[in-house]
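Participant: Need a 3D model of the following:
(one chain, ligands or ions: 1)
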Amino acid sequence: MPASDAILDIEDIASRIRAGERRALARGITLIESTRKDHRTLAHRLMERLGAPGSVARRIGLSGTPGVGKSTFIEAMGLKLVEAGHRVAVLAVDPSSTVSGGSILGDKTRMEQLSRHPSAFIRPSPSDGTLGGVARRTRETIRLVEAAGFDTVLVETVGVGQSETMVVEMTDIFLLLLAPAGGDELQGVKRGIMEIADVIVVNKADGALKPVAESTRVDYAGALRLMRRGPDDPDGYPCALTCSAATGDGLDEVWQAICKLHDWRVAEGHVVEARARQGAIALHRALEQGVLKAVFADPEISRALRQAEHAVAGGHIEPEAAAAGIVSMIGGRSADG
Ligand code: GDP
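Facilitator: Predicted coordinates for the structure are as follows:
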């Protein structure tokens, strides 16, 4: 395809996406997910053409261990929202898919009703590449769905490793879903995750589990009070609530808690600030990856790197000193170029 045709095509896809056409949206996302160099160039052009969305969508991160009820929650909450006139996009960030090719979140039978609704758009996690690659694609997909008019973007992840941090770096609000747990043990939830949660929701507050869910909520509310209140937390946040995704009890209250926080953060300028910060972080990440890729592509430098690896492994040189040698080689290169 000649370059000029590609540009025309991209114009066309961009305007169809802005018109909310699902097929164009899916095509755009496929382009974004491709790692081919020419596709990357087209994807960048597409992002440029789409420009900034007209209004601020709610970008909500949601995490919880497998079985806690994430899909049930998203299905129930999502249906409520689309019925109230919202347009809801659900994107998954699944670290398991980058490691094993398999996926915890990718199951097609999840959120069956919501996925059939014309005002909903559900996209499983990109399955190949590194965690950084998944982050990049998800960030770009958020921009695409917003350009297509989705006002609520849920970015779902499983409670493992670095994926929460990644999701926090692309959303405005972070929701942590927990299961009711007896005793005063805080379920071994990592402190780091508690620290980034804006709204903790104890799910399955129904039937025999209801009192357990309430005492779990009280435990977490207590823990949250001891933990943090940042400049972007209004009175009463972070907060802990209960709900039942199965019966729908408490879902309205959870949504109100999300909206109240989001509206406040928008009004106080925190969302704009946070997104600017997130953009800078993404820039640095992309730069690091790009520079490393360029370095490894240079035959002389990659030879030096292999030699350095041997020297370090053999104990002949300290890793930092070996790295410094390679960095000065790169410096010399850019001065030459
Ligand atoms: P995920 O792995 O986090 O996506 O969890 P699922 O949504 O697949 O739910 C795991 C199991 O918990 C399923 O058997 C659900 O039916 C059940 N479940 C989810 N939400 C609730 C709830 O609010 N109450 C009860 N009692 N069960 C629930």
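Participant: quick one: residue 143 and residue 47 touch, right?
Facilitator: Yes - here residue 143 lies in contact with residue 47, judged by C-beta atoms under 8 Å, at a distance of 6.2 Å. From N, CA and C alone the C-beta is placed, and that goes for glycine too.
Participant: so who does residue 33 touch?
Facilitator: For residue 33, the contact set (C-beta atoms under 8 Å, 6 or more residues apart in numbering) comprises 126, 137.
Participant: With adjacent residues omitted, what lies nearest to the residue most central in space within the chain?
Facilitator: Centre of the chain computed as the mean C-alpha position; nearest residue by C-alpha atoms, centre = their mean is residue 167, 3.2 Å away. Counting by C-beta to C-beta, 6 or more residues apart in numbering, residue 61 is the residue found nearest to residue 167 once chain neighbours are left out, at 3.9 Å.
Participant: Please enumerate the strands of the stretch 201-337 of the chain.
Facilitator: For the stretch 201-337 of the chain, strands defined by DSSP state E, counting those that start in this stretch occupy the ranges 239-242.
Participant: now the helices: where do they sit in it?
Facilitator: Counting by DSSP state H, counting those that start in this stretch, the stretch 201-337 of the chain has helices at residues 210-227, 251-267, 270-297, 299-313, 319-336.
Participant: Make JSON lines from those and add distance to the ligand and mean pLDDT to it.
Facilitator: Shown next, in JSON lines, are the helices of the stretch 201-337 of the chain (distance: least, C-beta to the nearest ligand atom, whole Å; pLDDT from 0 to 100):
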{"stretch": "helix 210-227", "distance to the ligand": "9", "mean pLDDT": "90"}
{"stretch": "helix 251-267", "distance to the ligand": "10", "mean pLDDT": "97"}
{"stretch": "helix 270-297", "distance to the ligand": "25", "mean pLDDT": "90"}
{"stretch": "helix 299-313", "distance to the ligand": "41", "mean pLDDT": "94"}
{"stretch": "helix 319-336", "distance to the ligand": "41", "mean pLDDT": "83"}
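Participant: Adding mean neighbour count as columns, could you present those in a markdown table?
Facilitator: Putting the helices of the stretch 201-337 of the chain into a markdown table (neighbours: other C-beta atoms under 10 Å) gives the following:
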| stretch | mean neighbour count |
| --- | --- |
| helix 210-227 | 17 |
| helix 251-267 | 17 |
| helix 270-297 | 13 |
| helix 299-313 | 13 |
| helix 319-336 | 12 |
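Participant: and residue 113, which of those is closest to it?
Facilitator: Taking C-beta to C-beta as the criterion, residue 113 comes closest to helix 251-267 out of the helices of the stretch 201-337 of the chain, the separation being 14.7 Å.
Participant: and the closest one, what does it pack onto?
Facilitator: Counting by 3 or more C-beta pairs under 8 Å, 6 or more residues apart in numbering; DSSP states H and E, the packing neighbours recorded for helix 251-267 are strand 58-64, helix 70-83, strand 173-178, strand 199-202, strand 239-242, helix 270-297.
Participant: Need the residues that contact that helix.
Facilitator: Taking C-beta under 8 Å, 6+ apart as the criterion, the residues outside helix 251-267 that touch it are 56, 58, 60, 76-77, 80-81, 172-173, 175, 198-199, 201, 232, 234, 237, 239, 241, 243, 245, 270-272, 274.
Participant: What's the ChimeraX syntax to select whichever of those are buried?
Facilitator: For selection in ChimeraX, the members of the contacts of helix 251-267 meeting the burial criterion (16 or more other C-beta atoms under 10 Å) are listed in this command:
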select :56,58,60,76,77,81,172,173,175,198,199,201,232,237,239,241,243,245,270,271,274
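Participant: Per-residue pLDDT of the residue nearest to residue 270 when sequence neighbours are not counted, please?
Facilitator: What sits nearest to residue 270 in space, not counting adjacent residues and going by C-beta to C-beta, 6+ apart, is residue 232, at 4.1 Å. If you check residue 232, the pLDDT there is 85.
Participant: With that, I have no additional questions.
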